[in-house]
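K.L.:
have a look at this fold, sequence not included:
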């Protein structure tokens, strides 16, 4: 067998492996230091792909990786493989690299496997790049998965129109739900920067000393199901995350019937409307928003239409919608890889084979 024929046979085998789901889909992960929605989302992708029959797993940077305790039980049992122990990768395999790990993208430049950037935060997407750099030019990666249309537009506008970008719908678990009994005046909160939350609380008590009876409950650190339980008991949920590119907390709050009081991030999430939360893009106005909500809550001024708008917004982000969206997104890139192999095998023939 000639060298060319041998190469073509290997490509043919790789193509068949993808069509038969005989390949690995590995999501790179380092040890998380705190409960994080982006990490949960990655584990969820692994779970969904495994449910579809794909050999998907978490790829860690150490053989001493400890599975986070705050993950749901069905995520804790997912398989992990260490890049330090018996790690090998084939042409048909896929590496999914979260946007922040540009050091990993650089290390795998010479690998001929499928490569996709998982972009959940535009801020993290920029951190590892020098001015003028982008993933395609520096690392040869132009396949990107994002969590919403705003991030997709961000990539197309600021990096390259030639990137192949697909966005999917995030899903919120069903244990985020409204309670059966009326809520007490409890305000839960979650923030990326505790100092900003502290500033808001101090200003709130300074400006509105007559509301000193109101307390705030921190939602971290806790398992997500416990997080949901606390949120369902809260009349409102305060959310401060300047660099969020989507932010699941307000949607989770809406599903729990907890009114979002939020600081609008730089990349405005698609779900924000004037009728489903108390919003501002001025951190100094947040104490006033909190006071406005408290007054409205005490005087029963928040009518059913407001809560119905919250329910309607949250209804778009179901697990069912998300699972189908994630399935379609990954199948797109798997099928794209098959077409790439076909260009070597049948340069003038179009195939309809799909995974």
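P.N.:
Yes, it's here. Note that the structure is predicted; figures quoted are calculated from it, not measured.
K.L.:
helices or strands next to the one helix or strand in the chain whose mean pLDDT sits lowest in the packing?
P.N.:
The weakest-scoring helix or strand in the chain, judged by mean pLDDT, DSSP states H and E, is helix 3-19 (a mean of 87). Judged by 3 or more Cβ pairs under 8 Å, 6 or more residues apart in numbering; DSSP states H and E, the packing partners of helix 3-19 are helix 319-345. Placement of C-beta: from N, CA and C, glycine included.
K.L.:
between the helix it packs on and helix 3-19, how big is the angle?
P.N.:
Interaxial angle of helix 319-345 relative to helix 3-19 (axes from the mean of the first three to the mean of the last three Cα atoms, to 10 degrees): 170 degrees.
K.L.:
return the set of buried residues in helix 319-345.
P.N.:
Using 16 or more other Cβ atoms under 10 Å as the test for burial, helix 319-345 gives 322-323, 325-327, 329-330, 333-335, 337-338, 341-342.
K.L.:
any low-confidence regions in the stretch 101-250 of the chain?
P.N.:
Residues of the stretch 101-250 of the chain that meet the criterion pLDDT under 70 lie in 221.
K.L.:
coming back round to it: residues in contact with the very next helix or strand once past the least confident helix or strand of the chain?
P.N.:
Counting by DSSP states H and E, the element after helix 3-19 in chain order, helix or strand, is strand 24-29. With contact meaning Cβ atoms under 8 Å, 6 or more residues apart in numbering, strand 24-29 is reached by 39, 42, 45-46, 49, 54-61, 65, 81, 89-90, 93-98, 101, 104, 118, 330.
K.L.:
all helices of the chain, in order?
P.N.:
Ranges of helices in the chain, per DSSP state H, are 3-19, 37-51, 73-76, 102-107, 122-127, 135-139, 149-158, 194-207, 224-232, 249-255, 286-298, 304-314, 319-345.
K.L.:
I'd like to know which of the ones you listed is closest to residue 271.
P.N.:
helix 304-314 (5.2 Å; Cβ to Cβ).
K.L.:
need the mean per-residue confidence for that closest one.
P.N.:
Mean pLDDT, helix 304-314: 96.
K.L.:
domains of this structure?
P.N.:
According to automatic domain parsing, the chain comprises the domains 3-171+319-345, 187-314.
K.L.:
distance between the ends of the shortest one?
P.N.:
For domain 187-314, the separation between the terminal residues is 20 Å (Cα to Cα, to the nearest Å).
K.L.:
repeat for stretch 152-170
P.N.:
Stretch 152-170: ends 14 Å apart by Cα to Cα.
K.L.:
what comes up buried for that stretch?
P.N.:
Buried positions in stretch 152-170, judged by neighbour count with 16+ other Cβ under 10 Å: 152, 154-155, 159, 163, 165-170.
K.L.:
stretch 39-57 too?
P.N.:
Applying 16+ other Cβ under 10 Å to stretch 39-57 flags 39-49, 54, 56-57 as buried.
K.L.:
next one: stretch 76-94
P.N.:
78, 81, 83, 89, 91-94.
K.L.:
avg pLDDT for that stretch?
P.N.:
Stretch 76-94 comes out with an average pLDDT of 91.
K.L.:
give me the distance between the two termini of that stretch.
P.N.:
Note: stretch 76-94 ends 22 Å apart using Cα to Cα.
K.L.:
roughly how far out does it sit from the chain middle?
P.N.:
Taking Cα atoms, centre = their mean, to the nearest Å, one finds stretch 76-94 lying 21 Å from the centre of the chain it belongs to.
K.L.:
check contacts around residue 333.
P.N.:
Counting by Cβ under 8 Å, 6+ apart, residue 333 touches 94, 114, 116, 143, 145, 164, 166.
K.L.:
in strands, which of these fall?
P.N.:
If you go by DSSP state E, the contacts of residue 333 have 94, 114, 116, 143, 145, 164, 166 in strands.
K.L.:
out of those residues, who's nearest residue 281?
P.N.:
Nearest to residue 281 among the ones in strands among the contacts of residue 333 is residue 145, at 27.8 Å by Cβ to Cβ.
K.L.:
for that closest one, which non-adjacent residue is spatially closest?
P.N.:
residue 118 (5.2 Å; Cβ to Cβ, 6 or more residues apart in numbering).
K.L.:
cool, and residue 217?
P.N.:
Per Cβ to Cβ, 6+ apart, closest to residue 217 is residue 188, 4.8 Å.
K.L.:
ok, what's across the strand from that neighbour?
P.N.:
With DSSP bridges as the criterion, residue 188 is bridged to residue 217, residue 237.
K.L.:
from what I see, it and residue 237 are in contact.
P.N.:
Yes: applying Cβ atoms under 8 Å, one finds residue 188 in contact with residue 237, separated by 4.9 Å.
K.L.:
show me which of the two is the more surrounded one.
P.N.:
Ranked by neighbour count (other Cβ atoms under 10 Å), residue 188 and residue 237 place residue 237 first, with 26 against 23.
K.L.:
hmm, back to that, and for residue 188 and residue 237, which residues touch both?
P.N.:
Contact with both residue 188 and residue 237 is made by residues 219, 231, 258, according to Cβ under 8 Å, 6+ apart.
K.L.:
which one (most neighbours) among the residues you listed?
P.N.:
residue 258 (28 neighbours).
K.L.:
was I right to think that residue contacts residue 234?
P.N.:
Yes: between residue 258 and residue 234 there is a contact at 4.6 Å, judged by Cβ under 8 Å.
K.L.:
find residues that contact each of those two.
P.N.:
183, 188.
K.L.:
rebuild the domains of the chain as a markdown table, extending it with distance to residue 354.
P.N.:
Formatted as a markdown table, the domains of the chain follow (distance: least, Cβ to Cβ, whole Å):
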| stretch | distance to residue 354 |
| --- | --- |
| domain 3-171+319-345 | 5 |
| domain 187-314 | 29 |
